Every structure is written in C-alpha cells, then in structure tokens.
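Peer 1: the following block contains a protein sequence and its predicted model.
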Amino acid sequence: MNRAGSGLSDREDPSEAILRAVDDAMNAGELSAPNAGFLFATHPHAEKLGELAQTITEICGAESVVGATGTGVLSSSAEVEGRGAVAVLLVESDEIRFEAFGLENLRGRDEAVAAELT
C-alpha cells in the first residue's frame, strides 16, 4: 500500500517549523513509518536545510530525505512566499524503494547529468 501526507509551517524558528510540518504530514497521511521525505524550505530557512532533513529522519524514521529551497513552498493546504516556511511530503510504501542522491553544478550540464542518472 502507498500513502502520503503533506504539512506546512510558517513558524519563524525553523526547528519549530519542521516539527509542526512533520506532525501535520504524519496526521494528514495517517502514516506510521514513512520511507521517504521531501523537504522544501524558503530562503530564510535555507541555511538549516541539512538539519531540517535530519530532523525528519529522527522523528519518523524516513531513511531517504531530499530537500530543496525556493522563494515559496506549498502543500495541499497552503502556500507561503516571501517569509520563512517549510513544507514536507512524507511517503509510506511497501511497494516502492526510495534512494536519495545528490548532484551539484547542474547548469549547462544537461546531457552529462542525464547520463549520470541512466
């Protein structure tokens, strides 16, 4: 079975925001043990992205967590732009295997990046 839940928090303190967003996502998806997490943070919380991802793993056990930053974030319930916020999508599946990886310096390397992924 596959289930997912999303949560968003615009609390000013990123440590408080991630706790709220994860709690909301767990409740929304009725999740007990997510396999993967997708983290989105606005620029005011960008410096804490690694810590926020680690918090997701510590709270719910998701082994694969990926993150990105942007001007705004959204979830199924809200959208926030121009101030500190985090959004989380958690996925729980006994059918899908998740494996996180990272690629840097993507600009102008479309073909090389595609080759790395195939």
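Peer 2: Cool, the structure landed.

Peer 1: list the contacts for the residue nearest the centre of the chain?
Peer 2: Central residue of the chain (C-alpha atoms, centre = their mean): Leu39, 1.4 Å from the mean position. Counting by C-beta atoms under 8 Å, 6 or more residues apart in numbering, Leu39 touches Ile18, Leu49, Leu52, Ala53, Ile56, Val65, Val66, Gly67, Ala68, Val86, Ala87, Val88. Backbone N, C-alpha and C define where each C-beta goes, glycine included.

Peer 1: check the gap between Glu51 and Thr118 for me.
Peer 2: Distance, Glu51 to Thr118, by C-beta to C-beta, to the nearest Å: 32 Å.

Peer 1: so for those two, which residue has more residues nearby?
Peer 2: Glu51 (12 against 5; other C-beta atoms under 10 Å).

Peer 1: backbone dihedrals for that one, please?
Peer 2: Torsion angles at Glu51 (phi, psi; degrees, to the nearest 10) stand at phi -70, psi -40.

Peer 1: mind listing what Gly5 touches?
Peer 2: Asp24, Ala25, Met26, Asn27, Ala28, Gly29, Glu30, Leu31, Leu89, Leu90.

Peer 1: repeat for Gly70
Peer 2: Phe40, Ala41, Thr42, His43.

Peer 1: so of the contacts of Leu39, which ones are in helices?
Peer 2: Ile18, Leu49, Leu52, Ala53, Ile56 (DSSP state H).

Peer 1: isn't the fourth one up against Ser64?
Peer 2: So that's Ala53. No. If you go by C-beta atoms under 8 Å, Ala53 and Ser64 don't touch, sitting 10.0 Å apart.

Peer 1: mutual contacts of those two, please.
Peer 2: Gly37.

Peer 1: of those two, who's got more company?
Peer 2: Ala53 (21 against 16).

Peer 1: tell me the confidence at the nearest residue to the more buried one once chain neighbours are set aside?
Peer 2: In this structure, Ala53 finds its nearest non-sequential neighbour in Val65, 4.5 Å apart by C-beta to C-beta, 6 or more residues apart in numbering. We note a pLDDT of 94 for Val65 in this prediction.
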